[in-house]
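**Q** here are the coordinates; sequence isn't available:
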DNA sequence: TACTCGAACTAGAGCGCGCTAGTAGCGCGC
DNA sequence: GCGCGCTACTAGCGCGCTCTAGTTCGAGTA
């Protein structure tokens, strides 16, 4: 910085002003400083900057590396953060790297707030985190903790999906749940409620699963095995999320089951995977861009408006009917 | 820090020593300092630490948000970096956020080196980057640039795949390439060479594509349309990567084409997607963990051993035969 | 006793910025 | 001619830490 100042024939302070885009520098000087900086290859050192300023204007984002929906969220976080003048740091949780570790990395890099995408950590930890810093949880509700919360109205989404299936004549509708994954409990509950509401209580069946392709495949195998054992296939499956639905589809299609003729499949998320299949996945759309926007805004507002109470944003999901759901054919007689 | 020092009755320097776990402090004092720090809730400020130390011991990783193989690499980068005592910062390129922007973010956060996963930026930029800092390119060869390079021997991988297919009796083998994606040029060249070597020059056909599922689906549609127009399907397809192979599989399976009976498909990468399909994707395995390890090690060694020349690591790919490749049935007569 | 030596500790400069308080120069109105 | 306000710029302190070059002190050695 001193070099730039000298070479441009100004003081360091002026260079600082130029780089902060602040008033107080002539147009001509401004250009000269920028040109010289470019020549030298100078770039403001954010460590020093944030030390001097006392603020880092940086948001940390914790995500799970393999979750495709998280990448959709990240795609939405960047522009909104930039719009509000914040930097974004990513930290991934992987098999060998726990969420806690990922979050600690963010904090030690001086993030002012952390945005947690579908966190799976214990609520006690999340609460403590919320006390220590500004935290936003996306998708995962943490009832007692001091964290903002952004999610879609899971119940509403499931209800729409179920109404859609029932309208198509489905009765044997199975739900693969997402274990203790974010949103799973709500979806499970809504599924049960919908079955009850449609008088299908007796048919209700929740198969334990996860939010992964593997889980879908496993369930597919299970259902096929049952069929081969004489038990009829369900006519529709409501999967825990799109990845699970994808796995299921692969397993079933592979075994000659025609989707949606023999069986309808509905996913959840509308992650970018959903468009991929030639016939498209019928799914409950969570607006990732909008969720990301809310998460960023919550964090920034808490940072800038002092001690706000944590808030909650509930977005409306929307059923997107594509090719994997269709009317029930004639019910085959009891096997 | 000054508070801690005062309350513990020592100098700030001593507190610094304790927190850096350095020699030069008595056991008793050490404990007292730590206890006091805990009471006050003191945490060393990494910004100041970084500024004072002049080194951040942080590696920046630029990746493309939707590329599943990148997530495999990231999973491998974390543990190796930790082992060598380095922090990792992630920065994603997305639709609205160019690679350049992602890299600049890393640099301004004081990363000492950047690891670029399958970079797509112009070589001029990469070279400039290599001059300015320690840079490692994974998968993408940048001939003239001052960057380390980690990749798999693309030619070898393709050759193995092609030998496998030819051995199974395939002759009409088509290659969907990856455009100007990392490794694509090498794979394309190796495909052509293999066809020539097997005397199949006349059958060689490269269909332009990308490293995405969409591209596979599109190609699937194209091939099906050609079939419906009277032209026979190829008997095998070598896709540009796994994602492309996946898209292709979905399109074909969906249309009633039996893989591998009617057509064999081979992918590239062995990303975690490959295991997913019930029959498994035959693919060329790139060892993500090993690649990640090399990339990290290159970066760290260049950082610590002064002005080393950029190096290149070529790993051996390995054909993984799973369920999507099989022997050619009787060749149907000319349509 | 006089010294050496190492362990335990301290003073204080400096890392690269931002920011406050200031100065220089200039056109303006009265 | 004077004060006024405005723009363009500068001096220099301080952010919270690390690190070098010390100082102090007690034990060991001749």
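**A** Yep, that arrived. Not measured: the values here are computed from a predicted model.

**Q** going forward, measure contacts between C-alpha atoms and count neighbours the same way
**A** Will do.

**Q** show me the contacts for the residue of the stretch 201-335 of chain A found nearest DNA strand C.
**A** Nearest residue of the stretch 201-335 of chain A to DNA strand C: residue A:304, at 14.2 Å (CA to the nearest atom of the strand). Residue A:304 sits next to no residue when contact means CA atoms under 8 Å, 6 or more residues apart in numbering or on different chains.

**Q** Over to residue A:180?
**A** Contacts of residue A:180 were listed using CA under 8 Å, 6+ apart, and they are residue A:120.

**Q** Quick check, pLDDT for it.
**A** For residue A:180, the model assigns a pLDDT of 90.

**Q** Three-state assignment for it, please.
**A** coil (DSSP: H, G, I helix; E, B strand; the rest coil).

**Q** Kindly report the same for residue A:327.
**A** coil.

**Q** And residue A:59, by the same measure?
**A** Residue A:59 is classified as strand under three-state DSSP.

**Q** Write out the residues of chain A neighbouring chain B.
**A** Counting by CA under 8 Å from any CA of the partner chain, chain A comes close to chain B at A:43-48, A:50-51, A:65-66, A:68, A:71, A:74-75, A:78-79, A:87, A:89-92, A:94-97, A:105, A:108-110, A:213-214, A:217, A:247, A:250-251, A:253-254, A:276-278.

**Q** Which parts of the stretch 51-200 of chain A are strands?
**A** Here the stretch 51-200 of chain A has its strands, by DSSP state E, counting those that start in this stretch, at A:58-64, A:87-93, A:113-117, A:134-138, A:148-152, A:173-176.

**Q** what's the angle between the fifth one and strand A:113-117?
**A** Pointing back at strand A:148-152 there. Interaxial angle, strand A:148-152 versus strand A:113-117 (axes from the mean of the first three to the mean of the last three CA atoms, to 10 degrees): 30 degrees.

**Q** so what does strand A:148-152 touch, helix or strand wise?
**A** strand A:134-138, helix A:288-304, strand A:312-315 (3 or more CA pairs under 8 Å, 6 or more residues apart in numbering or on different chains; DSSP states H and E).

**Q** Which parts of chain A belong to which domain?
**A** Domain ranges of chain A: A:2-44, A:55-152+A:287-316, A:154-285, per automatic domain parsing.

**Q** Minimum distance to residue B:327: which of those domains has it?
**A** Of all those, domain A:154-285 sits nearest to residue B:327, with 18.4 Å by CA to CA.

**Q** Would you pull up how far the closest one lies from the middle of the chain?
**A** Centroid displacement of domain A:154-285 relative to its chain, using CA atoms, centre = their mean, to the nearest Å, is 20 Å.

**Q** end-to-end on that domain?
**A** Start-to-end span of domain A:154-285 (CA to CA, to the nearest Å) is 10 Å.

**Q** repeat for stretch A:114-126
**A** Stretch A:114-126 end-to-end distance (CA to CA) = 11 Å.

**Q** Please compute how far it lies from its chain's middle.
**A** In terms of CA atoms, centre = their mean, the centre of stretch A:114-126 is found 13 Å from the chain centre.

**Q** For DNA strand D, tell me which of the residues of chain A next to chain B show up nearby.
**A** A:48, A:51 (CA under 7 Å from any atom of the strand).

**Q** and the gap between the one residue sitting closest to the centre of chain A and DNA strand C?
**A** The residue lying closest to the centre of chain A (CA atoms, centre = their mean) is residue A:70, at 4.1 Å. Distance of residue A:70 to DNA strand C, given as CA to the nearest atom of the strand, to the nearest Å: 32 Å.

**Q** ok, that residue touching residue A:63?
**A** Yes - assessed by CA atoms under 8 Å, residue A:70 is found in contact with residue A:63 at 6.4 Å.

**Q** Report the contact partners of whichever residue of the stretch 101-250 of chain A sits closest to DNA strand C.
**A** Closest to DNA strand C within the stretch 101-250 of chain A is residue A:110: 14.7 Å, counting by CA to the nearest atom of the strand. Residues near residue A:110 by CA under 8 Å, 6+ apart: A:56, A:58, B:45, B:46, B:47.

**Q** tell me which of those residues is nearest to DNA strand D?
**A** Distances from DNA strand D to these, taken by CA to the nearest atom of the strand, are shortest for residue B:45, at 4.1 Å.

**Q** number of nearby residues for the closest one?
**A** Using other CA atoms under 10 Å in any protein chain shown, residue B:45 has 14 neighbouring residues.

**Q** Distance-wise, check it relative to residue A:102.
**A** Distance, residue B:45 to residue A:102, by CA to CA: 18 Å.

**Q** which one of the contacts of residue A:110 has the most neighbours?
**A** That'd be residue B:47 among the contacts of residue A:110, by other CA under 10 Å, with 23 neighbours.

**Q** Contacts for the worst-scoring helix or strand of chain A on mean pLDDT, please.
**A** The weakest-scoring helix or strand in chain A, judged by mean pLDDT, DSSP states H and E, is helix A:46-53 (a mean of 85). For helix A:46-53, the surrounding residues in contact (CA under 8 Å, 6+ apart) are A:56, B:47, B:48, B:50, B:51, B:108, B:109, B:110.

**Q** can you tell me which residues contact the closest residue to residue A:178 other than its chain neighbours?
**A** Nearest residue to residue A:178 in three dimensions, chain neighbours excluded: residue A:210, at 4.1 Å (CA to CA, 6 or more residues apart in numbering or on different chains). The contact partners of residue A:210, by CA under 8 Å, 6+ apart, come to A:177, A:178, A:179, A:181, A:240, A:244.
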